[in-house]
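Pasting a predicted model and its sequence here:
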Amino acid sequence: MTETQTQTLRADAPGIATAARLLHEGRLVAFPTETVYGLGADARNASAVASVYAAKGRPSFNPLIVHVADKDAARSFVEWNETADLLATHFWAGPLTLVLPLRADHGLATLVTAGLPTVAIRVPAHPAARALLHAFDGPVAAPSANPSGRISPTRAAHVLSGLEGRIAAVLDDGPCSVGLESTIIAPAPEPTLLRAGGLALGDIEKVLGTRPVPPQTDDIQSPGQLLSHYAPGASVRLKATDAKPGEVLLGFGPVSCDLNLSAGGDLHEAAANLFDHLHRLDQTGKPIAVAPVPEKGLGVAINDRLRRAAAPR
Ligand code: TXA
Ligand code: MG
């Protein structure tokens, strides 16, 4: 949904209730966390998540962090393990994000994880974020609430200066106390530091008894390496006008094909369908031909992903 006016909501009971209702409607609400302001969307709603990328003007689909109210909520989405439990017990709620394998029944939009089999999940400590997560009663996908390439926002005014008119609301509860994004750890197979952030490594080391290792350069979990993270098993051929014998065709617009990103040529709908459709066509085991997608708006990120899928490997 394209917004024209951005409401500023106070972090009182009516403001929180309005923010939760907007999220349920699939609209975007920026909210404070102790690290930075996040740009929140219902993580189960692919169209809402597509709106996050559109509002930020992101040229690629980086996976997003899913925010939940508590450890039990986190466990309903991911395969839990002992190290995760130790870290969560010590540092949640707080500026720590854990990257863990998705459960089969996770129910999250595939656009949240950009098709990865893992998800980044965290329990923020900020009272307004907690109140919102309780009122919403579901998972909230949220990158930092700034346009792509700009500095992360630590005040509602920063959010408005970048995203005013592009999101439904910002929940204003003053400046963020940490001011640095969360530290990201993958607990298994061995504790790995994916991003340094608001929780000091030394504190994590004390709890684990070992220092988290830096990501392996070929580790698909490393944010820097996410470029090559999802490639279908079969070959991918771009800008195809029709399927050659043996191929399946991923369409866009009014074409006859096996699956269509958006028959109506809607880039937002196409973004929401992208990873599901790629996974489904990949399961046929046949090479995938992809119809041309216009290089504008969300089409830039869609084409970025398709080019990576088609790159020689
Ligand atoms: O403090 C924070 O973490 C803030 C607040 C709003 O919670 N959020 C934030 O989100 O910094 P974002 O989207 O700006 O950064 C998310 C980071 C990216 O570096 C992304 O690559 C990484 O998390 N990430 C997300 N899912 C991942 C996954 N499955 N595996 C590896 N890295 C992942
Ligand atoms: Mg960011």
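Right, received. Where do you want to start? Ligands and ions are numbered 1, 2, ... in the order given.

what residues does the stretch 101-250 of the chain put near ligand 1?
Residues of the stretch 101-250 of the chain found near ligand 1, taking C-beta under 6 Å from any ligand atom as the criterion, are 113, 116, 118-120, 142-144, 181-182, 184, 194-195, 221, 223, 226. The C-beta positions use only the backbone N, C-alpha and C, and glycine is treated the same way.

Lowest-confidence entry in those residues?
In terms of pLDDT, the weakest of these is Pro223, which scores 43.

quick revisit: put the buried members of the residues of the stretch 101-250 of the chain next to ligand 1 into a PyMOL selection.
The PyMOL selection below is limited to those of these classed as buried (16 or more other C-beta atoms under 10 Å):
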select buried, resi 113+116+118+119+120+142+143+144+181+182+184+194+195+221+226
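
From the residues of the stretch 101-250 of the chain next to ligand 1, which land in helices?
Counted as lying in helices by DSSP state H, out of those, are Thr113.

So which residues make contact with stretch 183-199?
Judged by C-beta atoms under 8 Å, 6 or more residues apart in numbering, the contacts made with stretch 183-199 from elsewhere in the structure are 34-35, 81, 83-84, 87, 91, 94-100, 118, 120, 178-182, 200-201, 204, 208, 210, 212-215, 219, 221-223.

tell me the pLDDT at Tyr230?
We have a pLDDT of 56 for Tyr230.

What of Val140?
In this prediction Val140 is given a pLDDT of 98.

need the contact list for the closest residue to ligand 1 within the stretch 101-250 of the chain.
Ranking the residues of the stretch 101-250 of the chain by distance to ligand 1 (C-beta to the nearest ligand atom) places Pro143 first, at 2.9 Å. Applying C-beta under 8 Å, 6+ apart to Pro143 gives the contacts 38-39, 52, 56, 62, 64-65.

Just the ones of those in strands?
Taking DSSP state E, the ones among the contacts of Pro143 that sit in strands are 38-39, 65.

Any chance of these in TSV with distance to Leu160 as columns?
What follows is the ones in strands among the contacts of Pro143, written out as TSV (distance: C-beta to C-beta, whole Å):
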residue	distance to Leu160
Gly38	15
Leu39	12
Ile65	22
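
rewinding a little: filter the contacts of stretch 183-199 down to the buried ones.
34-35, 83-84, 87, 91, 94-100, 118, 120, 178, 180-182, 204, 208, 212, 215, 221-222.

Those in helices, which ones?
Among these, the members falling in helices (DSSP H) are 83-84, 87, 91, 204, 208.

Which pLDDT value does the model give Ala109?
Reported pLDDT for Ala109: 97.

residues touching the closest residue to it other than its chain neighbours, list them.
Distance criterion C-beta to C-beta, 6 or more residues apart in numbering; nearest residue to Ala109, sequence neighbours excluded, is Ala46 at 3.9 Å. By C-beta under 8 Å, 6+ apart, the contact list for Ala46 reads 109-111, 272-273, 276.
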